[in-house]
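Asker: Predicted structure and sequence below. I'll ask about it afterward.
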Amino acid sequence: MHELVERLLKGDKRAAARLITLVDDQDPIAAELMKQIHPHTGKAHIVGITGPPGSGKSTLVSKLALEYRERDMRVGIIAVDPTSPFTGGAILGDRIRMSEVVLDPGVFIRSLSTRGALGGLSRATFDAAMILDAYGCDVVMIETVGAGQSEVDIVRVAHTTAVINVPGSGDDIQAIKAGILEIGDVFIVNKADRPGVERIVGELEAMLSLDKDWRHADEDDDEHWTRPILVTVARDGEGIGEVVSSFEAHREFMDRTGTRKVVEEQRFESIIREMLGDLIIDLMERAVSREELEVMVADVAARKIDKMDAVERLMDRIMDQRGNG
Ligand SMILES: Nc1nc2c(ncn2[C@@H]2O[C@H](COP(=O)(O)OP(=O)(O)OP(=O)(O)O)[C@@H](O)[C@H]2O)c(=O)[nH]1
Ligand SMILES: [Mg+2]
């Protein structure tokens, strides 16, 4: 076993940081290290936190971390491509309490960059969450700005997804328009110290009432998850306990109903498919020179050969290479 992995499994924070850097940089050694880490994962509860820029995600996550620590849980925090970096904004803004979090060995905070392709970013996020799982985190929170498909993909690594909205922005249901409504397991209206809270809660209720499971809201029903709408003032720590309790309730729901297993299998399937696609492209690039590929592409563009013929020829070359190699 690689020395870094050994240290990770013993709960060494610096080894965890180093490993996350390797996956973030898409270092060639990362795949081998992830193989060694894989069997030691599957315990952590992975929570995605998404919402519009400036909605208070980092502030909320910081407060949630403190609440989890009160409950004696080890916490990992991953901020994906943050517009306001964790170290600069929310955490230092609440210096005294947050320095507790930063120094606390039970909390691991890390930002991921957008180095590499977008697909690479969602994979790096997934691997970083696995590293923190093996490190011993009971919960790993992933913060990402909810604005489009790439963010939705990143959030798909989560078992539980919280969608944040804020009142009175004029485009109240921004997150809903972006298609993020479907992925929310818990809805949070933050900045409830501002006017317009009832209105946005009402809009969310109206949207959620279209969902069949939501109609079970008043029943005592074990089979369905009723997606709650929670109101917080993250800045002042209001409503934080309820958020953690609903995350915990969703975790229990997923375990009890077997949903967690289904979600994990779905996400591994999509990752395996993505990795396989990348591997084939990689093998093709090794089997065929850039010049050969250009000639083939030119032939397709000149209608000398068909594009599927080109694909089949490339596939033959990969197979030849594998046969000889
Ligand atoms: N009034 C009010 N302000 C808040 C609340 N929560 C956070 N803020 C403030 O909102 C601003 C943005 O907070 P962040 O936590 O950085 O928001 P974010 O969603 O992480 O921002 P990005 O990562 O840049 O998208 C900060 O000035 C916070 O202090 C709240 O409940 N009420
Ligand atoms: Mg942030």
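Answerer: Sure thing, it's come through. Numbers count the residues shown, from 1 in each chain. Ligands and ions are numbered 1, 2, ... in the order given.

Asker: quick one: L210 from ligand 1, how far?
Answerer: 27 Å (Cβ to the nearest ligand atom, to the nearest Å). The C-beta positions use only the backbone N, C-alpha and C, and glycine is treated the same way.

Asker: okay, now that residue: neighbour count?
Answerer: Using other Cβ atoms under 10 Å, L210 has 9 other residues around it.

Asker: how about the strands of this protein, start to end?
Answerer: 45-51, 75-80, 107-112, 139-145, 160-165, 186-189, 229-231 (DSSP state E).

Asker: Turn those strands into CSV, including mean pLDDT.
Answerer: Converted to CSV, the strands of the chain look like this (pLDDT from 0 to 100):
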stretch, mean pLDDT
strand 45-51, 92
strand 75-80, 90
strand 107-112, 86
strand 139-145, 90
strand 160-165, 92
strand 186-189, 95
strand 229-231, 97
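
Asker: and those as TSV, adding mean neighbour count and distance to L33?
Answerer: Shown next, in TSV, are the strands of the chain (neighbours: other Cβ atoms under 10 Å; distance: least, Cβ to Cβ, whole Å):
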stretch	mean neighbour count	distance to L33
strand 45-51	27	19
strand 75-80	26	17
strand 107-112	20	16
strand 139-145	26	18
strand 160-165	26	27
strand 186-189	25	33
strand 229-231	19	38
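
Asker: want to throw those into TSV with distance to D278?
Answerer: Below are those laid out as TSV (distance: least, Cβ to Cβ, whole Å):
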stretch	distance to D278
strand 45-51	23
strand 75-80	20
strand 107-112	19
strand 139-145	22
strand 160-165	25
strand 186-189	33
strand 229-231	39
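
Asker: My guess is N190 contacts V61. True?
Answerer: No: look at N190 against V61 with Cβ atoms under 8 Å: they stay out of range, at 11.1 Å.

Asker: Dump the strands of the chain to CSV, plus distance to ligand 1.
Answerer: Conversion of the strands of the chain to CSV gives the following (distance: least, Cβ to the nearest ligand atom, whole Å):
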stretch, distance to ligand 1
strand 45-51, 6
strand 75-80, 7
strand 107-112, 10
strand 139-145, 5
strand 160-165, 7
strand 186-189, 10
strand 229-231, 10
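
Asker: closest to T257 out of these?
Answerer: strand 160-165 (13.3 Å; Cβ to Cβ).

Asker: now D236: how far from I77?
Answerer: 20 Å (Cβ to Cβ, to the nearest Å).

Asker: swap in V140?
Answerer: From V140 to I77 the distance is 8 Å (Cβ to Cβ).

Asker: Same question for R317.
Answerer: R317 is 45 Å from I77, by Cβ to Cβ.

Asker: Now do the helices in this protein.
Answerer: For the chain, applying DSSP state H gives helices covering 3-9, 13-24, 30-37, 57-70, 90-93, 95-103, 118-135, 149-155, 174-177, 197-208, 240-257, 259-287, 290-301, 307-324.

Asker: and those, which one's lowest on average pLDDT?
Answerer: Of all the helices of the chain, the minimum mean pLDDT falls on helix 90-93 (a mean of 39).

Asker: Identify the residues contacting D222.
Answerer: R256, T257 (Cβ atoms under 8 Å, 6 or more residues apart in numbering).

Asker: Turn the helices of the chain into TSV, columns for mean neighbour count.
Answerer: As requested, those are exported to TSV (neighbours: other Cβ atoms under 10 Å):
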stretch	mean neighbour count
helix 3-9	17
helix 13-24	19
helix 30-37	17
helix 57-70	23
helix 90-93	18
helix 95-103	13
helix 118-135	23
helix 149-155	20
helix 174-177	18
helix 197-208	16
helix 240-257	17
helix 259-287	13
helix 290-301	13
helix 307-324	13
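
Asker: OK, contacts around K35?
Answerer: With Cβ under 8 Å, 6+ apart, K35 has no contacts at all.

Asker: All set now, cheers.
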